[in-house]
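> Give me the fold of what follows.
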Amino acid sequence: MDFMIRMVVHKGVFVRENALRALYMIGNKEAVLAAWEKMEDNEICHSKKLLSDGLLKFTGDRGELARLLFEHRSRFDTRLVLPVMQFIRFLGEDFRKEFLELLSKETVDKEIRLEAVRYFRKYPYEPVRALLQRFLQYHEYLDWEYAAVAAQALESYPGPDTVDCLKEGLKAVNWYVRLNSAETLIMGLKIPKKDLFDVYNGRDRYAREILNYVTEKIEIKGQEMELRETDV
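Numbers count the residues shown, from 1 in each chain. Modelled structure (predicted):
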């Protein structure tokens, strides 16, 4: 294990990756933590995807590994915290209170907060509802990515309040915020056209256009699937 830990700072990507895989196969969580701390101390920039995917190959108790790495997140730069959070999301461990704390702090790195939003899309947590809605309601004053990702996450928080919030998102200046709001309304929450009557007949041309765009995209996709089935 000592040899593998030394190899995680090797300049060769394949050497580092193979050393990490060996540590995951051994299944010792303290050794994995030591390896990650060594990468941090040596400012190693390894692929975030390789790191998060690699953790899933851990043969020991993956829940304990997730908890250990997350508890030591203050030792890590964002480039190492993100794979840990993605690992937790893929794993399905309950970190809702911890992630809510991160999401609620404006001083926390943006990418970490966005990853928390993605977690809450997959694992709904009622105390997060109002915070996600605020990201969308105040899209004009926040980084557009918060509103765009929140619009996607709100599909897991159905209700009249969410529908009203997403309708406001249709009026956003940023195209991705409008697109995600429209897709969540139509594809995620499956809101029928009659319940979007006020938007289709409203004064906001961009809101109408994005709803029509998403509707047409769904129709085209359906036609393509029918053609493929016909060919078969």
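
> residue ranges of the helices in the protein, please?
2-7, 13-26, 29-41, 48-55, 62-71, 78-91, 96-104, 110-122, 129-137, 144-153, 160-169, 175-183, 197-200, 205-231 (DSSP state H).

> So for the shortest one, what gets flagged as buried?
I take that to be helix 197-200. Of all the residues in helix 197-200, those buried under the rule 16 or more other C-beta atoms under 10 Å are Val199. For glycine as for every other residue, the C-beta is placed from the backbone atoms N, C-alpha and C.

> With only the CA atoms kept, save it in PDB.
Extracted C-alpha coordinates of helix 197-200, given in PDB (Å, rounded to 0.1, in the frame of the first residue of the first chain):
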ATOM      1  CA  PHE A 197     -52.400  28.900 -21.200                       C
ATOM      2  CA  ASP A 198     -51.300  32.100 -19.400                       C
ATOM      3  CA  VAL A 199     -47.800  31.700 -20.900                       C
ATOM      4  CA  TYR A 200     -48.900  30.900 -24.400                       C
END
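
> Tell me which residues are up against stretch 139-149.
If you take C-beta atoms under 8 Å, 6 or more residues apart in numbering as the criterion, stretch 139-149 is touched by 110, 113-114, 117-118, 135-136, 138, 169, 172-174, 176-177, 180.

> Span of that stretch from start to end?
Chord length of stretch 139-149, first to last residue, is 11 Å (C-alpha to C-alpha, to the nearest Å).

> Show me the residue sitting in the middle of this protein in space.
In the chain, the residue lying closest to the centroid (C-alpha atoms, centre = their mean) is Arg118, at 2.8 Å.

> so Ile44 touches Val8, yeah?
Yes. Using C-beta atoms under 8 Å, Ile44 is in contact with Val8, at 7.0 Å.

> intersection of neighbour lists for the two?
What both Ile44 and Val8 touch, as defined by C-beta under 8 Å, 6+ apart, is the set 16, 38.

> Tell me how far the residue nearest to Ala31 when sequence neighbours are not counted lies from Lys57.
Spatial nearest neighbour of Ala31, chain neighbours left out: Met1 (4.6 Å); criterion: C-beta to C-beta, 6 or more residues apart in numbering. Met1 is 16 Å from Lys57, where distance means C-beta to C-beta, to the nearest Å.

> ok, now Glu183?
Distance from Glu183 to Lys57, counting by C-beta to C-beta: 33 Å.
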